[in-house]
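**Q** give the three-dimensional model of this entry:
(chains A and B)
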There are 2 protein chains.
Amino acid sequence: MFQLQAAGRAVRAMAEWAKQLAGIKGVVLDISGVLYDGGGEGGGVPIPGSIEAVEKIKVSGLKLRFCTNETQATRGKFVAKLQRLGFNILVNEVTAPAPAACRILKERNLRPHLLIHDDLVPEFDQLDKANPNCVVIGDAADNFSYKNLNEAFRFLIGLENPILISLGRGRYYKETDGLKLDVGVYMKALEYACDVQAEVVGKPAKMFFQSALAEMEVEPQQAIMIGDDIVNDVGGAQQCGMRALQVRTGKYRPCDEQHPEVKADGYVNNLAEAVDIIVKQLHK
Amino acid sequence: MFQLQAAGRAVRAMAEWAKQLAGIKGVVLDISGVLYDGGGEGGGVPIPGSIEAVEKIKVSGLKLRFCTNETQATRGKFVAKLQRLGFNILVNEVTAPAPAACRILKERNLRPHLLIHDDLVPEFDQLDKANPNCVVIGDAADNFSYKNLNEAFRFLIGLENPILISLGRGRYYKETDGLKLDVGVYMKALEYACDVQAEVVGKPAKMFFQSALAEMEVEPQQAIMIGDDIVNDVGGAQQCGMRALQVRTGKYRPCDEQHPEVKADGYVNNLAEAVDIIVKQLHK
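**A** Below is the predicted model of the structure:
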């Protein structure tokens, strides 16, 4: 009886969320934890139904953009991996922190000292890196040695106007062999060491979502974000004026639905369920 | 003319500071940057006049305690180094974070996972470290690898009640080959990763100064701290009710004298000058 009532409430809640989909013209998808799971050396596994869900958006007439905080590989290498997993995805459909940071660095004549993953280095090939006047950190993983963090610190504290650019502000992520510290943790370390505030490029930064929307030529109120991170995906997109759904895959935890600060416009079991509902509403 | 006026002001300021020394019964000395400079593999060099200044306090009748945040070696090894440099100093005259942390761990039945310098490990020999229920970090230097920080993070986030004990909260220190990141930076990293607040054992923690005073059997208002760190030495001691002088050696920077939050009771060129004035006042 209790289960029936709960199920009834769930259906009603879902229906209500679906009613608010009027005017949606574009979908923004997080990648890790929404399209695929795992990561690590092996490369991960698609989340059931996600390959078909991406396809369904593409044939629906909705605009589509992928928006990731991935900084352990170049965008090209990352997309190639997703293609191998079976996804219909192209490099120019992906908004990622490193290319966004490159644009900012060029605009402001900044020459970065890089503390990033080896596989991300080619993304910065075209930039002048001699005599650095800022520090850029990404998810450097094993490159976060004491020696390397100390080197970045010395560059930063030696600058008259210390500029720290962080490719994301995540705390940790899950890989097949367990939890891993993310770039935000080392961003906080350098912020404290030098008494500076980092500029974040990546979710949840407003500018990052805005550049994804600009690529789609869609207004915030016409777009819906689907992600597994209640703060960086859902909260970030909402701050920007978009609607946002949280999927119950990837790093989702049940307590996210009672988050003290962020409430998603809807919670769905996975990407396939979200896309089914969105596309159905489109044809009403 | 301007120089003469400035000199006059300096003398007046010094005189004023010296007048407030009534009732002083004990002296608490920071070690690195006050007694000796440098560090690194070589071991460092005594600051001119400091060896004699320590001797002068000892024969003056004033009580004396050394109070350090050093966590790169056991207290025994650290004191042996200072003795080799020529200082009259004994292990039981030194208040250091590791022995203080050991007392706390025993009192609270805590079993630590340690992220510390190899040379500090023997200090924790007597403690049960199986099945850890807290994380203790010290100035681990090269041991602050991604692997080790990640391991400490996993222990901490896996605890039902995550307890993080940090042996100090310093940002960085100076060695012969340049600036080095200190334990506080990694404390901030773990605090952010796990959304916890570390318990700091070491300066500027009130309890740490209080244990130094208890060892001397002296009240806070009867004691004067002499250190090179405006926040951790001077600010910490003042918070505890002590008077505090900053020496212009070690990590001192001229801008410290305009620090927005901490104002020392006096600024002196070095330990020798401070001790001269204190001992002179004693005999008035």
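
**Q** residue A:262 against residue A:234, yeah?
**A** Yes - Residue A:262 is within contact range of residue A:234, at 5.6 Å (criterion: C-beta atoms under 8 Å). Placement of C-beta: from N, CA and C, glycine included.

**Q** more neighbours: which of those two?
**A** Remark: of residue A:262 and residue A:234, residue A:234 carries more neighbours, 31 against 19, as counted by other C-beta atoms under 10 Å in any protein chain shown.

**Q** so the more buried one touches residue A:227, yeah?
**A** Yes - counting by C-beta under 8 Å, residue A:234 touches residue A:227, with 6.0 Å between them.

**Q** how far away is the spatially most central residue of chain A from residue A:27?
**A** Within chain A, one residue has its C-alpha closest to the average C-alpha position: by C-alpha atoms, centre = their mean, that is residue A:68, at 3.3 Å. Residue A:68 sits 14 Å away from residue A:27, going by C-beta to C-beta, to the nearest Å.

**Q** so which residues on chain A come close to chain B?
**A** Taking C-beta under 8 Å from any C-beta of the partner chain, the part of chain A that reaches chain B is made up of A:140-147, A:149-150, A:153-154, A:157, A:171-172, A:178-181, A:184-186, A:188-193, A:195.

**Q** just the buried ones out of the residues you listed, please.
**A** A:140-141, A:143-146, A:149-150, A:153-154, A:157, A:171-172, A:179-181, A:184-186, A:188-193 (16 or more other C-beta atoms under 10 Å in any protein chain shown).

**Q** now, which of the residues you listed lie within helices?
**A** A:146, A:149-150, A:153-154, A:157, A:184-186, A:188-193 (DSSP state H).

**Q** am I right that residue A:127 falls within a helix?
**A** No - applying DSSP: H, G, I helix; E, B strand; the rest coil, one finds residue A:127 to be coil, outside a helix.

**Q** against chain B, how distant is it?
**A** As judged by C-beta to the nearest C-beta, to the nearest Å, residue A:127 and chain B stand 25 Å apart.

**Q** what helix or strand is the nearest residue to that residue once chain neighbours are set aside on?
**A** Excluding the flanking residues, the one nearest residue A:127 by C-beta to C-beta, 6 or more residues apart in numbering or on different chains is residue A:105, at 5.9 Å. Assessed by DSSP states H and E, residue A:105 sits inside helix A:97-107.

**Q** what's the spacing between that helix and its chain's center?
**A** How far helix A:97-107 lies from its chain's middle: 16 Å, per C-alpha atoms, centre = their mean, to the nearest Å.

**Q** ok so residue A:241 is a strand residue?
**A** No - going by three-state DSSP, the assignment for residue A:241 is coil, not a strand.

**Q** hang on, isn't it packed against residue A:218?
**A** No - at 11.3 Å, residue A:241 and residue A:218 do not qualify as touching, with contact defined as C-beta under 8 Å.

**Q** those two: who's more crowded?
**A** residue A:218 (20 against 15).

**Q** follow-up on the earlier one: what's the overlap in contacts for residue A:234 and residue A:227?
**A** Both residue A:234 and residue A:227 are in contact with A:244, A:245, A:246, where contact means C-beta atoms under 8 Å, 6 or more residues apart in numbering or on different chains.

**Q** of these, which is the most crowded?
**A** Going by other C-beta under 10 Å, residue A:246 tops these with 29 neighbours.

**Q** how about that residue, secondary structure?
**A** Once three-state DSSP is applied, residue A:246 turns out strand.

**Q** could you report the separation of it from residue A:33?
**A** 10 Å.

**Q** what's the answer for residue A:245, then?
**A** Residue A:245 sits at a distance of 13 Å from residue A:33 (criterion: C-beta to C-beta).

**Q** what does residue A:142 give?
**A** Distance, residue A:142 to residue A:33, using C-beta to C-beta: 22 Å.

**Q** what does residue A:228 give?
**A** Residue A:228 is 4 Å from residue A:33, by C-beta to C-beta.

**Q** overlap in contacts, the two.
**A** Residues touching both residue A:228 and residue A:33 by C-beta under 8 Å, 6+ apart: A:247, A:249, A:250, A:251, A:252.

**Q** about what we covered before: turn the shared contacts of residue A:234 and residue A:227 into a markdown table, including distance to residue A:123 and pLDDT.
**A** Below are the shared contacts of residue A:234 and residue A:227 laid out as a markdown table (distance: C-beta to C-beta, whole Å; pLDDT from 0 to 100):
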| residue | distance to residue A:123 | pLDDT |
| --- | --- | --- |
| A:244 | 27 | 97 |
| A:245 | 30 | 97 |
| A:246 | 29 | 97 |
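
**Q** adding distance to residue A:167, write these out as a markdown table.
**A** A markdown table is the format used below for the shared contacts of residue A:234 and residue A:227 (distance: C-beta to C-beta, whole Å):
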| residue | distance to residue A:167 |
| --- | --- |
| A:244 | 21 |
| A:245 | 25 |
| A:246 | 23 |
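
**Q** re the thing from before, burial of the nearest residue to the residue nearest to the centre of chain A once chain neighbours are set aside, as a residue count?
**A** Leaving aside its sequence neighbours, residue A:68 sits nearest to residue A:31 (C-beta to C-beta, 6+ apart; 4.4 Å). Number of residues near residue A:31 (other C-beta under 10 Å) recorded here: 23.

**Q** tell me, what's touching residue A:246 and residue A:33 both at once?
**A** A:227, A:228, A:252.
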